[in-house]
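Student: Provide a 3D model corresponding to the input given below.
(chains A and B)
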Amino acid sequence: MSLAIRPVSTFNAVKNVVGRELSSYFSTPVAWVFIVIFLVMSGVFTFYMGSFYERGMADLAPFFQFHAWLYLFLVPAISMRLWAEERRSGSIELLLTLPLTTWQAVLGKYLAAWLFIGLALSLTFPTWLTVNYLGNPDNGSILAAYIGSWMMAGGLLAIGSCMSALTRNQVVAFILSVVVCFGFLLSGLPMVMNVFSGWAPQSVLDMIADFSFLTRFASISKGILDLRDMFYFALVIASWLMANTIILEFRKAD
Amino acid sequence: MSDVRIETQALTKRYGRLTAVQDLNFSIEAGEVLGFLGPNGAGKSTTMKMLTGFLAPTSGTASINGHDVVTDSLAARQCIGYLPEGAPAYGEMTTRHFLAFIARARGFSGDEVKRVSGLAMERLNLQDVAEQPIETLSKGFKRRVGLAQAILHDPDVLILDEPTDGLDPNQKHEVRALIREMAAGKIIVISTHVLEEVHALCNRAIIIADGRLLVDDSPRGLLARSRYHNAVTMVVDQAERVASALSELPGAARVEIREGELTVFPVAGVALFEAISDRIRQNRWDVHEIRLEAGRMDEVFRQITTGEGSK
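Tutor: Below you'll find the predicted structure:
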């Protein structure tokens, strides 16, 4: 009479969530607005503020240099809806009573957002074409910088996803994400270090400085793709997504 | 493990100091359509959320077909089709895409996805809105989309939180027909505060209030608790005179006149109807309308959930 239980593999469960999320980006204005703003802003930063032409060098340093600041506001704009929207509409109850684990749902939604940002990032290719037209850049290090930029976006996105799970209000999620992301970006800079230096032991200072996305990304954007930096971002992503899962497990219903 | 069965033991959910559900013990067998009744905030939805694995119980256990909802949650969820309160869905998706998403999440793949989601659309008459975003649909259609996703994998256990809320009478009728049609061999748990629904659909009713199970009975058994059970109500000329005459009747506990209707309440277990019709004939009273009451569900409900009795 009843159907046999149909096991769903982790891969298929996650893939299904990724597909649903991605299609929802493109069936609402979110995707188009984000992509357009991202491309326009990165152009403005590169060509005006980064003095792309005036420098007279065939590389993308001015392009990547501003990515952190671009992401600081644009990534939370993507991540704020991830879980807050599910809570507000009540669809979280539908999603998390389907035969998939909370972790699979978290991962699926995260991957979709990350892939989407990757798509927006890859659409900046005309800048890369420009620099190749103008001179002979080191394309290997440009690729490394692209990967590094995407990893950094991934780290910020994981923070944003976790913050989004805390509330049903997208504005709150956005503000929380910007603040926490800001802290992580800057943790190596004097502004943050001054707060700790003087009273915190050196080992703690080093640790805080180590957390900085910016210092890590600075070396990556020069084309040095260090495995330790990659590992660092992977660890950041995994930890925040784990926290995200735990928050959901404990506060599903609010 | 294949028998269809829901069991709870001392199922309890607390939010801080507030106890939403306390010590629920019941088991439900295949073929039962259980109406879950209670005032708003009684713990109906919380109980359903625990059965479907959305909320973890604070203490106690629940199992679906032998799968514990906490330790074997995925297997338990696979046996269940669930319509959460308010029928939430992804509003920006079309009906077709939404059901396909649910089908894939339920383990269907390839052509099966099309088949089962098409079938579900057919059963709930959703073909006309298949390509419309769900957020543009009327409340009734949204509810049907929610039902379609719940029944799509032909689950052993259907848990429906207010399935007919917001539907017009025709749609209610259709949904009830669907539920009745699906009931054989399955368990269907429906929460509702529409009392007629219990009578129309269920073969068992549980009433909870303040998180406690108060009554577990058949709808007929519930009606029998009504003081109106087997009472005789009539519309008659000179009601006052008739009332005083009938109150003399052996077996009549009480006679009331309300809104032009005269009701004779029997002493428990006594059938009054024949005695009364004899009196009517003997005295040639002008009776315009007369009926034997089965019992009044709303009155039983009030009596049980508020302790407020026969007033």
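Student: just the helices in the stretch 1-150 of chain A please.
Tutor: Residue ranges of the helices in the stretch 1-150 of chain A, as given by DSSP state H, counting those that start in this stretch, are A:10-27, A:30-44, A:61-65, A:67-89, A:91-95, A:102-122, A:125-134, A:139-164.
Student: whoops, I mixed them up, the stretch 151-254 of chain A
Tutor: A:170-186, A:190-196, A:202-210, A:213-221, A:227-250.
Student: thinking again about what came up before, please identify the most buried of the helices of the stretch 1-150 of chain A.
Tutor: helix A:139-164 (a mean of 24; mean count of other Cβ atoms under 10 Å in any protein chain shown). Glycine gets a C-beta too; all of them are placed from N, C-alpha and C.
Student: want to throw the helices of the stretch 1-150 of chain A into TSV with distance to chain B and mean pLDDT?
Tutor: Formatted as TSV, the helices of the stretch 1-150 of chain A follow (distance: least, Cβ to the nearest Cβ, whole Å; pLDDT from 0 to 100):
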stretch	distance to chain B	mean pLDDT
helix A:10-27	4	93
helix A:30-44	9	90
helix A:61-65	33	80
helix A:67-89	6	92
helix A:91-95	4	94
helix A:102-122	10	96
helix A:125-134	29	88
helix A:139-164	16	92
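Student: out of those helices, flag the one nearest B:Ala268.
Tutor: helix A:91-95 (44.5 Å; Cβ to Cβ).
Student: can you list contacts of the closest one?
Tutor: A:17, A:83, A:85-86, A:105, A:252, B:49, B:54, B:82, B:84, B:88-90, B:149 (Cβ atoms under 8 Å, 6 or more residues apart in numbering or on different chains).
Student: what sits closest to B:Ala252 if chain neighbours are left out?
Tutor: B:Val264 (5.2 Å; Cβ to Cβ, 6 or more residues apart in numbering or on different chains).
Student: next up, the contacts around the one you found.
Tutor: B:231-233, B:246-247, B:249, B:252, B:254-255, B:272, B:276.
Student: quick one: the residue in the stretch 151-300 of chain B positioned nearest to chain A from B:Ala62, how far?
Tutor: When scored by Cβ to the nearest Cβ, the stretch 151-300 of chain B has B:Asp156 as its residue closest to chain A, at 4.4 Å. In this view, B:Asp156 and B:Ala62 are 15 Å apart by Cβ to Cβ, to the nearest Å.
Student: for chain B, which segments count as helices?
Tutor: B:44-51, B:73-78, B:95-105, B:111-123, B:139-151, B:169-182, B:195-201, B:219-224, B:239-246, B:273-283, B:297-306 (DSSP state H).
Student: most proximal residue of the stretch 1-150 of chain A with respect to chain B?
Tutor: A:Arg6 (3.0 Å).
Student: close to chain A: what parts of chain B are there?
Tutor: Contact residues, chain B versus chain A (Cβ under 8 Å from any Cβ of the partner chain): B:2, B:4, B:49, B:52-55, B:74-75, B:77-80, B:82, B:84-86, B:88-93, B:97, B:101-102, B:104-109, B:133, B:149, B:153-156, B:185-186.
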